[in-house]
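Trainee: need a structure here:
(3 chains)
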Amino acid sequence: MVDLEEYGINMWPEEKIIAFRKTLLQWYDENKRDLPWRKNTLPYSVWVSEIMLQQTRVDTVIPYYRRFLEWFPTITDLAEAPEQTLLKAWEGLGYYSRARNMQAAAKQMVELYNGEFPTTYEEIIQLKGIGPYTAGAISSISFNLPTPAVDGNLMRVISRLFEIPYDIGQPSNRKIYQAVAEILIDPDRPGDFNQALMDLGSDIESAFTPKPELNPIKEFSSAYLNGTMDQYPVKKPKKKPRPIKYKAFVIQNKQGEYLLEKNNQADLLSGFWHFPLIEDFTKEAKQIDLLENEMQEEYQVPNQDIPLEIQFETLYHCKVSWQESTYKQVQHIFSHQKWFITIQSGLTNDDIVSDDHKRELKWVSSEEFSTYPFAKPQQKIWHEIQKAHKFL
DNA sequence: GATCCGTGGAG
DNA sequence: TCTCCAAGGAT
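Mentor: This is a model prediction of the structure:
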């Protein structure tokens, strides 16, 4: 148990807690958003929405949510889905391990619970991809259990209520906000209480453009009453993404098909297909970085001056006639990496491209591309190719 | 516990 | 353009 006094938090008397619940829930009843996942409280659909909404905006999620339930109406359907279909359903949403973890959890439920959703917090949090937040959300919304759903919204609102100065980006501080929420949560309507804090936190108490005068709980908020709203929550800035240079190889065979490779090893974009990529450590690339991208000293690497085209022919066991091209450099920013991709196209007569068993390679016509899961960098590269060809 | 894992929108 | 973010979890 967390002793709130140790953290300088003076919990309200019982009457004030009850008044707070009443005020918050009344506001929610009058102002709650009409969202597709609020039509019922069935655990499967609540689960799908909660996973999709992790670090992702509501407007982005809605079309994915609808399609996902059409494609996989039940836990069993999800458990049995082919990888390609699963990734297609998630294509563009990001954080793709969420989809893989959901399927793993669906398989757990088929094996352990006869394809049904478990009904206790302790069982739910054992499922793959479900942590304290999601377990709390599902438990409260679907099973009416008094478990807080401690996310960024809840921590932001509570930090202002009590002027809590502990960094909400620091995982070890989560327990403080959790302890406060466990006291505040309405035991009769825990699901609505949690969702009310989310609605409030995403609009009236948003991080960027809060609307303090419209806030239904402003009279409960220490930060509001003391004029310190702009000081909460405390959150340290994130690190900048690390720059990485790649060369993408857009290779066609005699039939005009393109060489694609499946990303089987990496955690990043695992399972997605892409034009072969080789990281560029050449001196030339380094010069471009210094001039165009202001590559920082800490990211400098030793030269490796074997031309990327030679490296490609060695790694992929084929002879290529390289084409002159004027494609623009493609950039893509992940949360932790920033890719600078130059495109090199070429033609080959070799049909067997690799005997390296680690690589999964395929010749694919552009008409078939839509059936392959492509992540954003690959889509940007393909877009650049098509754009360039329009001007020929 | 710090780092890794995507993407699109807002200012 | 750049920066920060948005309903976190796994390692």
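Trainee: and whichever residue of the stretch 201-350 of chain A sits closest to DNA strand C, which helix or strand is it part of?
Mentor: Taking C-beta to the nearest atom of the strand as the measure, the point where the stretch 201-350 of chain A comes nearest DNA strand C is residue A:207, at 2.9 Å. All C-beta spots, glycine's among them, are computed from the backbone N, C-alpha and C. Using DSSP states H and E, residue A:207 is not contained in any helix or strand.
Trainee: pretty sure it contacts residue A:156?
Mentor: Yes. If you go by C-beta atoms under 8 Å, residue A:207 and residue A:156 touch, sitting 6.4 Å apart.
Trainee: contact partners for the residue of the stretch 201-350 of chain A closest to DNA strand C?
Mentor: Shown in contact with residue A:207 (C-beta atoms under 8 Å, 6 or more residues apart in numbering): A:152, A:156.
Trainee: and the pLDDT for it?
Mentor: Residue A:207 carries a pLDDT score of 87 in this model.
Trainee: who's in contact with residue A:184?
Mentor: Contacts of residue A:184 (C-beta under 8 Å, 6+ apart): A:17, A:20-21, A:158, A:193.
Trainee: with residue A:241 instead?
Mentor: So residue A:241 contacts A:333-338 (C-beta under 8 Å, 6+ apart).
Trainee: just give me the closest of these to residue A:65.
Mentor: residue A:335 (22.2 Å; C-beta to C-beta).
Trainee: follow-up on the earlier one: show me which of the contacts of residue A:184 is closest to residue A:81.
Mentor: residue A:193 (34.1 Å).
Trainee: ok, how many other residues are close to that closest one?
Mentor: Applying other C-beta atoms under 10 Å, we find 23 residues neighbouring residue A:193.
Trainee: the most centrally placed residue in chain A - nearest residue in space that isn't next to it in sequence?
Mentor: Chain A has residue A:95 as the residue nearest its centroid, 3.6 Å off, counting by C-alpha atoms, centre = their mean. Using C-beta to C-beta, 6 or more residues apart in numbering and skipping the chain neighbours, the partner closest in space to residue A:95 is residue A:55 (6.4 Å).
Trainee: now residue A:278: how far from residue A:313?
Mentor: For residue A:278, the distance to residue A:313 equals 11 Å [C-beta to C-beta, to the nearest Å].
Trainee: out of the contacts of residue A:184, who's nearest residue A:379?
Mentor: Using C-beta to C-beta, residue A:158 comes nearest to residue A:379 of these, at 39.3 Å.
Trainee: do the helix or strand encompassing that closest one and DNA strand C come into contact?
Mentor: Following DSSP H and E, one finds residue A:158 within helix A:152-162. Yes. Helix A:152-162 reaches DNA strand C (C-beta under 7 Å from any atom of the strand) through A:152-153, A:156.
Trainee: does residue A:116 touch residue A:44 like I think?
Mentor: No. Contact criterion C-beta under 8 Å: residue A:116 and residue A:44 do not qualify, at 9.2 Å.
Trainee: neighbour count for those two, which is higher?
Mentor: For the pair residue A:116 and residue A:44, the greater number of neighbours falls to residue A:44 (21 against 14), based on other C-beta under 10 Å.
Trainee: the helix or strand harbouring the more buried one and DNA strand B in contact?
Mentor: Residue A:44 belongs to helix A:43-52 when assigned by DSSP H and E. No. Legend: contact between helix A:43-52 and DNA strand B by C-beta under 7 Å from any atom of the strand is lacking; minimum distance shown is 9.0 Å.
Trainee: again with stretch A:63-82
Mentor: No. Using C-beta under 7 Å from any atom of the strand, stretch A:63-82 stays clear of DNA strand B, with a minimum separation of 10.6 Å.
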